[in-house]
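[1] sequence first, then the predicted structure, then my questions.
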Amino acid sequence: MSASPRRRIVGVSTKMYFSASQTASYINTFLSLLRRSSPSTLSALSSTTDIFLIPDHITLVSSISQLSSSTPSPITIIPGSQDAHHADSGAYTGEVSPRVLAEVGCRLLEINHAERRRLFGETDALASLKVEAAARNGITPLICVGEITRPAYYSSPSALAAASPAEKRQAVAAAAGEMSSQLEVLLSRVDPAADIILAYEPVWAIGAAEPAGADHVVGVARRVRRLPCVASRSGSTRIVYGGSAGPGLYAKLAPGGSGEEGEEEEAQAVDGLFLGRFAHDPKQFYKTILEVAGMGDKVDRVDSEDREI
Ligand SMILES: O=C[C@H](O)COP(=O)(O)O
């Protein structure tokens, strides 16, 4: 996965929503959308943007085979795993080995998702071992991190509209501060030269009706990039946003979008999106991919069955 300058990246985790046959049919429908795209669309897409797909563990191997046999050239879809143990082998009944994941073609490992922390008691220290295990096995770690507390002004649309720039800056600083101590631990065991992806997922925006505001996301991403444990890395550190993300969001996060006011514009604070529910329809997933790739002019064609995308 090359990332210099940083390639955009967008993907989906199906969490535990789909049956095995739904996962197969989801991938099938998504790949047919890609196959309906013109060679120039596919070529432009693959030249700028990485796409990943993270099914459940049971369907990972069959998904990898489906992706490798039916993805139209020159697109490559990066298969990922939702979790793994930190040891490569041993007496760990029921666990998934990162070495075996690498062996079957998995190239991305999701680590430290808020649901793993809240429901299964995972900690920063455990996640740091998994980050190390992924990199050791040549798998790119996709490290989820985000603040727990929702800024008070998200309580209602009117409170959000009335929030002052100072309140918003304070919320951005608080979120980045909370993530700073987590990231220190999460990145403590991985080679600074390894390529990683950070998924900024405010816990309060996961499973919600709406994503966090663009100004909040861009502001936090900029601050995270400046944290010493991130800024000092020599490997690529891409940042994707997750938490009720879907079509229409990335344009607001990209340079020239509606990101945080009053700060020096960075070329690209957020490198892409990490989708959940709002990618359950393969067409919505493909529309979002096109938007992340800066090809929003193609989005209207996705709904029309008889037009080439
Ligand atoms: O893994 C993806 C994120 O947790 C976002 O999920 P969501 O878009 O369904 O809120």
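    Noted; the coordinates are in hand.
[2] only C-alpha atoms from now on, for both contacts and neighbour counts.
    Fine.
[3] what segments of the stretch 51-200 of the chain are strands?
    For the stretch 51-200 of the chain, the strands defined by DSSP state E, counting those that start in this stretch cover 77-81, 108-111, 140-145, 196-200.
[4] make CSV out of those strands and add mean pLDDT, distance to residue 22 and mean neighbour count.
    Listed next are the strands of the stretch 51-200 of the chain as CSV, based on pLDDT from 0 to 100; distance: least, CA to CA, whole Å; neighbours: other CA atoms under 10 Å:
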stretch, mean pLDDT, distance to residue 22, mean neighbour count
strand 77-81, 98, 17, 23
strand 108-111, 98, 21, 27
strand 140-145, 98, 24, 25
strand 196-200, 98, 26, 24
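[5] how about those strands in JSON lines, adding distance to residue 182?
    Below are these laid out as JSON lines (distance: least, CA to CA, whole Å):
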{"stretch": "strand 77-81", "distance to residue 182": "22"}
{"stretch": "strand 108-111", "distance to residue 182": "13"}
{"stretch": "strand 140-145", "distance to residue 182": "8"}
{"stretch": "strand 196-200", "distance to residue 182": "12"}
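[6] closest to residue 5 out of those?
    Checking these against residue 5 by CA to CA gives strand 196-200 as the closest, at 14.0 Å.
[7] and the next helix or strand after the closest one, what does it pack against?
    Next helix or strand after strand 196-200 toward the C-terminus (DSSP states H and E): helix 214-226. Here helix 214-226 touches helix 165-186, helix 250-253, going by 3 or more CA pairs under 8 Å, 6 or more residues apart in numbering; DSSP states H and E.
[8] angle of the first one against helix 214-226?
    Helix 165-186 and helix 214-226 meet at an angle of 40 degrees, taking axes from the mean of the first three to the mean of the last three CA atoms, to 10 degrees as the criterion.
[9] buried residues in helix 165-186?
    Judged by neighbour count using 16 or more other CA atoms under 10 Å, the buried positions of helix 165-186 are 168-169, 171-180, 182-186.
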